[in-house]
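Novice: What would the 3D arrangement of this be:
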Amino acid sequence: MTPRSIFLILLKVLGIFLIKDIMEAALQVVFSLLSLTNTYNMGDSISTLIISILILAFYTLIAWYLLFKSNLIIDRLKLDEGFDEDRLNLHISLPAITTIAIIVTATYILIQEIPNLCRTLFAYYQQKHMLLGTAPDWSYTVFASVKIIIALLLIGERKRITTFIEKRSANNENV
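Specialist: Model prediction:
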């Protein structure tokens, strides 16, 4: 395995970890859109929506370059230069590492969000029974539930995701 291939793997793993942040930013955009209809101050809602869209675009751009343009990053930053050896003795395939990164990312999301879901369900229950006559906020519960569903989908569809990343990387390298 060459230093270049190691950096390719590391950059792709970082890109996969950024997918979690992209999902959170996308959900924030959705909730910002929903808050446009339920707010009294339209200016604050629009500024929150614009900032959420900019954050989503920034994360998506970085993840796109890390996943599909990793060779460009390595060339520009000259990451593979300055090594004494041309080959390093590691025998792990890129799809295996990509699959491991997807599983680790999904597990990380689950570890964070299952306790968060329990906490928000308990808070929802408390608000419903203590504050009679007011509707408790359920958006945090939905947000945590969606994250858990996405993590489970990542684990379940890891082979398709790995194939997609590999095909897109191969297409970008040929262009």
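Novice: In the protein, which helix is the longest?
Specialist: helix 94-130 (DSSP state H).
Novice: Quick one: list the elements packing against that helix.
Specialist: Helices and strands touching helix 94-130, by 3 or more Cβ pairs under 8 Å, 6 or more residues apart in numbering; DSSP states H and E, are helix 3-37, helix 139-156, helix 158-174. Placement of C-beta: from N, CA and C, glycine included.
Novice: Arrange those helices in a markdown table, one row each, with distance to V104 and mean pLDDT as further columns.
Specialist: Shown next, in a markdown table, are the helices and strands packed on helix 94-130 (distance: least, Cβ to Cβ, whole Å; pLDDT from 0 to 100):
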| stretch | distance to V104 | mean pLDDT |
| --- | --- | --- |
| helix 3-37 | 8 | 83 |
| helix 139-156 | 10 | 91 |
| helix 158-174 | 11 | 85 |
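Novice: So which of the ones you listed is nearest I73?
Specialist: Nearest to I73, of all these, is helix 3-37, at 6.0 Å by Cβ to Cβ.
Novice: and the closest one with helix 139-156, angle?
Specialist: Counting by axes from the mean of the first three to the mean of the last three Cα atoms, to 10 degrees, helix 3-37 lies at 150 degrees to helix 139-156.
Novice: which element follows helix 3-37 toward the C-terminus?
Specialist: For helix 3-37, the following helix or strand on the C-terminal side (DSSP states H and E) is helix 42-68.
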